Structure formats: structure tokens, C-alpha cells
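only the shape, not the letters, is given here:
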């Protein structure tokens, strides 16, 4: 096997762990010791996806596929933002200024700029996938910067850290399911790849996550007048 093939295999194996721990944690009672342990395993798996995903983007660029490489790098950026927020929202729940610190701002700015770049690239090559998916970076990046500028308002909201945490978990869940549906599953069932099913693999998890967020917000998000909108 080539180094790239080994990297892809390791990346795929970590993805399976991420998928399994995501659903295991979703089924567990929130706040229990087991929920926290499985949540840490999911977070570590997502970190492993980032560690292997970045060099995959480089290998893809070196192999003469710059558009695919740029999109992979973009996915690494927006996923890194969600991974950071999932971790730090819990660690910094008593200090919103620390949570919205330099790393949070840098990831927000990078997500926003990456979204702009992917949108421009999508328009240049005529790719609806790139153009449509650029919205994730544009919206999440803009929201990061907005929350940074209004961090006092964010911190005044009851259990703000919990909302930030589960929004980030949903974001990481989107990344995990997109990878499985668009890359892993077509390898197992080649007949489902391409066309409309291919777009469903990319945008379907986004739609499901939006519905899940609405349902979760109804149960966990504090009801406050003038509260910040929180998308991810």
C-alpha cells in the first residue's frame, strides 16, 4: 500500500469510531459519567479525522486535483472549528471570554474566508456542491465573529455553554455522516453513488441536523428575550 492508501485507511477506520461513538452518545442519558466518557471518545475520533484529513488534502493537491484538495482543506477548517467549540464550551463554561478567545476568533475568521474561497471556486468551476456547501463556512464563520463581538450578551444567556456544545456536536455529526454517506457507503454499494443520491449524501445530513437542532433547542435551550441565534 502507498502512504496515501494507508492514510485513507486510517482515516476511514477513525471515521467508523466517530460514527459509532456519535450514536452511542446520542442514546445515552446526558450528563452521566458514561455519556461524558463516550463523548470524549467521539471528540478524540474527530481530532483524529482532522489529523489525517489535512495530509489527505495535501496528497490530493500533489496528485494534480487542486479543486478536490481545496474542498478537503475547507472541510478540515470547518470541522476543526466545530471540534474546538465542542471541547472548549465544556471546559470554559464559566468564562465566556476565554471561550471566545483568540483560537475561537481565528477559526471563525478562517471558516469565513474559506467559505468565500470555496464559493468563488465553485462559481469558477460551475460546481453546485462547492457553491452550496460554502454556506456552512460563511454562516458559521460570521456567527463566530458575531458572538465574539457580543460575548457579554452570550455569557449572560443561561447555559450558553450547553447550547454551544450541542451545536458543535451536531456540526461534527454532520461531518461524520457526510463522510460515511458520500465516501464510505458508495464504496460498499457503488450503485448508489453519483447523481441525486450523491447530493443527498452531502446535503441530507445538513437538513437532518437542522431538524434535530430545532427539537433539541425546544428541550434544552433557555428561553430568553433577545437571546443570540445559535446555529453551530
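Received it, and whenever you're ready, just let me know what you need. Because the structure is predicted, anything quoted here is derived from the model rather than measured. Residues are numbered from 1 along each chain as shown.

any low-confidence regions in this protein?
Applying pLDDT under 70 to the chain flags the ranges 182-199, 220-232.

quick one, longest helix in it?
For the chain, the helix that runs over the most residues, judged by DSSP state H, is helix 33-62.

okay, buried residues for it please.
Judged by neighbour count (16 or more other C-beta atoms under 10 Å), helix 33-62 contains these buried residues: 35, 38-39, 41-50, 52-53, 56-57, 59-61. From N, CA and C alone the C-beta is placed, and that goes for glycine too.

next one: stretch 205-224
205, 206, 209, 212, 213, 216, 221.

ok, back up a step: remind me what the longest helix of the chain packs against, helices and strands.
Helix 33-62 is packed against helix 3-27, helix 66-91, helix 160-179, with contacts defined by 3 or more C-beta pairs under 8 Å, 6 or more residues apart in numbering; DSSP states H and E.

contact partners of the first one?
Just to be clear, that refers to helix 3-27. With contact meaning C-beta atoms under 8 Å, 6 or more residues apart in numbering, helix 3-27 is reached by 1, 35, 38-39, 41-42, 45-46, 48-49, 52-53, 55-56, 59, 63, 169, 172-173, 176-177, 179-180, 183-184.

show me how far it is from its chain's centre.
14 Å (C-alpha atoms, centre = their mean, to the nearest Å).

the inter-axis angle of it versus helix 33-62?
With axes from the mean of the first three to the mean of the last three C-alpha atoms, to 10 degrees applied, the angle from helix 3-27 to helix 33-62 works out at 150 degrees.

then the shortest one?
With the same axes, to 10 degrees as the basis, helix 160-179 and helix 33-62 are set at 50 degrees to each other.

still on that earlier bit, which of the buried residues of stretch 205-224 sits closest to residue 118?
residue 206 (14.9 Å; C-beta to C-beta).

for that closest one, which non-adjacent residue is closest in space?
residue 174 (6.0 Å; C-beta to C-beta, 6 or more residues apart in numbering).

what's the neighbour count on that neighbour?
By other C-beta atoms under 10 Å, 24 other residues sit near residue 174.

tell me who's in contact with it.
Contacts of residue 174 by C-beta under 8 Å, 6+ apart are 205, 206, 209.

hmm, the first one is touching residue 181, no?
Yes: proximity of residue 205 to residue 181 meets the contact threshold set by C-beta atoms under 8 Å, at 6.9 Å.

tell me what the helix or strand harbouring residue 210 is packed against?
According to DSSP states H and E, residue 210 maps onto helix 195-220. Helices and strands touching helix 195-220, by 3+ C-beta pairs under 8 Å, 6+ apart, are helix 128-149, helix 160-179, helix 185-188.

let me know the secondary structure of residue 158.
Of the three states, residue 158 takes coil under DSSP: H, G, I helix; E, B strand; the rest coil.

and residue 94, by the same measure?
Residue 94 is classified as coil under three-state DSSP.

give me the neighbour count for it.
Neighbour tally, residue 94, other C-beta under 10 Å: 9.

now residue 151: closest residue in space, sequence neighbours ignored.
residue 100 (4.5 Å).

I misspoke; the intended subject was residue 48.
Per C-beta to C-beta, 6+ apart, closest to residue 48 is residue 14, 4.1 Å.

contacts only, for residue 117.
Contacts of residue 117 by C-beta under 8 Å, 6+ apart are 70, 74.

ok, it to residue 22 distance?
28 Å (C-beta to C-beta, to the nearest Å).

tell me which of the helices and strands packed on helix 33-62 approaches residue 142 most closely.
helix 66-91 (12.0 Å).
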